[in-house]
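# what follows is a predicted structure for the sequence shown.
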Amino acid sequence: MNANSILQDANQFLMPTYKRQPIVFTHGRGCYVYDSRGKKYLDFLGGIAVNALGHAHPRIVKVIRREAARAIHLSNLFHNCYQGPLARKLAEWSGLDRVFFSNSGAEAIEGALKLARVYGRTSADTPGVAAPKHRILALENSFHGRTFGAVSVTATEKYRLPFAPLVPGVEFVRFNDVADLESQFDDTVCAILLETIQGEGGIYSVSEDFWNRARALATENGALLIADEIQCGLGRTGRYFAYQKFSSKPDVAVVAKPLAGGLPLGAILTSEAVAQRFSPGLHGTTFGGGPLACATALEFLSVIEDEKLLENIRTRSTELREGLSALAAKFSFIREIRGEGLMIGIELSIDGAPFVSEAMLKGLLINCTHDFTLRLLPPFLVTRAQVRQFLRLLEQLFVTTPQKAPALEPAKSAPPRPAALAAAR
Ligand SMILES: *Cc1c(COP(=O)(O)O)cnc(C)c1O
């Protein structure tokens with residue numbers, strides 16, 4: 001294998017959608033990945049919240065081997081052995097009743113938005129024309145994916161503005177602002193969509209007040225509360241679903257990233273009543289819910305239970321938070337530590353990108369989102385020793401990385417507001 005020719009091909013033939021690091025990763029094992037020169041990295045990014053069991057988990061590898069030799073794809077015109085049992089397990093975990101499988105997070109968001117529009121429609125509405133109840137509320141600073149519907153409910157301007165006109169009928173509510181939510185909610189709203197913990201936006205948790213009010217307003221107005229748990233769900237917080245810290249459930253929950261151990265798979269979960277608004281032919285997918293992905297997902301969920309990983313997530317999270325607080329006391333450019341479980345943001349008052357590059361040189365993978373927030377999404381099976389190793393590496397990084405001039409931005413417990421959104425009202 002020649003890393004230079006791989007990089008050359010990539011640079012010449014791939015569309016320029018990513019500013020990739022000039023490194024070729026070849027394989028991984030547990031919480032470590034290896035590059036083409038054999039260098040080892042501690043992986044605290046986990047393929048952006050996908051590799052929750054790290055790499056090459058023996059049970060995941062075994063299932064993929066076994067099922068690949070049986071059937072990779074059948075068809076949703078028939079049943080396969082795993083889609084029904086996986087749906088049952090997700091229903092048990094979530095407290096919701098029915099499931100639709102897709103291939104990705106964005107695609108699951110698309111299906112949830114379509115479900116909301118169908119839900120808002122009555123038999124009195126004219127087919128093909130916007131129903132009176134069609135408005136979708138999403139939150140400022142949100143991220144829901146890259147397809148047209150998903151980008152229409154994504155607030156970040158650089159992701160949406162170049163593609164206008166987007167799907168109509170979407171409005172944004174200020175993050176955790178109950179008054180703003182109340183002022184925009186009425187019976188023309190068919191859904192309020194939120195990430196229970198905003199991921200890409202910099203690790204911001206929806207408040208209990210905001211959740212409770214969104215839940216109540218959705219119920220009063222006959223709208224759906226949709227929780228995007230693509231990044232924060234399926235164990236990441238130390239609970240099966242992030243919303244399980246609240247006393248109420250959403251009408252719809254959307255999951256994807258870690259669901260099938262790294263294979264592409266997403267899912268829309270919903271209540272019986274809402275699910276019945278779909279009927280045969282109204283929504284579908286060729287690949288979604290295939291036997292290989294569903295068998296692997298079932299194994300993923302079983303490993304979380306069998307290896308008691310929710311407990312591990314909570315314990316490691318406490319250790320990480322303690323270590324990070326100690327670092328925050330030493331380094332004045334650390335403004336805030338946010339997050340839950342193994343979804344943690346370290347907000348800096350200075351540019352975070354140099355730390356990400358420097359970390360790679362030191363054999364550590366982390367991510368920076370929204371310029372100032374270092375984002376940690378380590379595998380659920382990260383050990384105490386690996387947390388210590390991480391904290392040691394991070395401290396070295398904070399000492400040795402050349403720092404750019406401090407930014408003027410103050411510390412924020414609420415996400416920043418883009419100028420155009422603020423001006424639009
Ligand atoms: C990653 C992500 C998505 C998009 O999922 P894809 O599989 O990349 O389409 C949507 N919402 C959230 C919260 C995400 O983290």
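Great, that's in hand. Numbers count the residues shown, from 1 in each chain.

# burial measure for residue 123, as a count.
Counted with other CB atoms under 10 Å, the neighbours of residue 123 add up to 5. Any C-beta I mention is one placed from the backbone N, CA and C, and that applies to glycine too.

# host element of it?
When elements are assigned from DSSP states H and E, residue 123 belongs to no helix and no strand.

# give me phi/psi at it?
Per-residue torsions, residue 123: phi -70, psi -20 (degrees, to the nearest 10).

# measure it to the ligand for me?
According to CB to the nearest ligand atom, to the nearest Å, residue 123 and the ligand sit 33 Å apart.

# if I pick the residue in the stretch 251-400 of the chain that the ligand sits nearest to, what's in contact with it?
Per CB to the nearest ligand atom, the residue of the stretch 251-400 of the chain with the smallest distance to the ligand is residue 256, at 4.8 Å. Neighbouring residues of residue 256 by CB atoms under 8 Å, 6 or more residues apart in numbering: 102, 104, 105, 108, 230, 265, 266, 267.

# and it, backbone torsions?
Here is the backbone geometry of residue 256 (degrees, to the nearest 10): phi -170, psi -90.

# what of the one 3 residues further on?
Torsion angles at residue 259 (phi, psi; degrees, to the nearest 10) stand at phi -50, psi -40.

# low-confidence stretches in the stretch 251-400 of the chain?
For the stretch 251-400 of the chain, no stretch is flagged by pLDDT under 70.

# residue numbers of it in contact with the ligand?
Taking CB under 6 Å from any ligand atom, the part of the stretch 251-400 of the chain that reaches the ligand is made up of 256, 257.

# list the buried ones in the strand or helix carrying residue 318?
Here residue 318 is covered by helix 309-330, with elements defined by DSSP H and E. By neighbour count on 16 or more other CB atoms under 10 Å, the buried set for helix 309-330 is 309, 310, 312, 313, 316, 317, 320, 323, 324, 327, 328.

# what do you get for stretch 106-125?
Quick answer for stretch 106-125 (16+ other CB under 10 Å): 106-121.

# check contacts around residue 236.
Residues counted as contacts of residue 236 (CB under 8 Å, 6+ apart) are 49, 52, 242, 258, 313, 340, 341, 342, 343, 377, 380.

# residues contacting the residue nearest to residue 263 when sequence neighbours are not counted?
Once flanking residues are discounted, residue 263 sits nearest to residue 293: 4.7 Å by CB to CB, 6 or more residues apart in numbering. Residues in contact with residue 293 (CB under 8 Å, 6+ apart) are 101, 260, 263, 264, 265.

# surely residue 293 is in a helix?
Yes. Counting by DSSP: H, G, I helix; E, B strand; the rest coil, residue 293 is located in a helix.

# show me where the stretch 51-200 of the chain has helices.
For the stretch 51-200 of the chain, the helices defined by DSSP state H, counting those that start in this stretch cover 58-68, 83-94, 105-119, 148-152, 157-160, 178-184.

# distance of whichever residue of the chain sits closest to the ligand from residue 76?
Of all residues in the chain, residue 105 sits closest to the ligand, at 2.2 Å by CB to the nearest ligand atom. Residue 105 sits at a distance of 19 Å from residue 76 (criterion: CB to CB, to the nearest Å).
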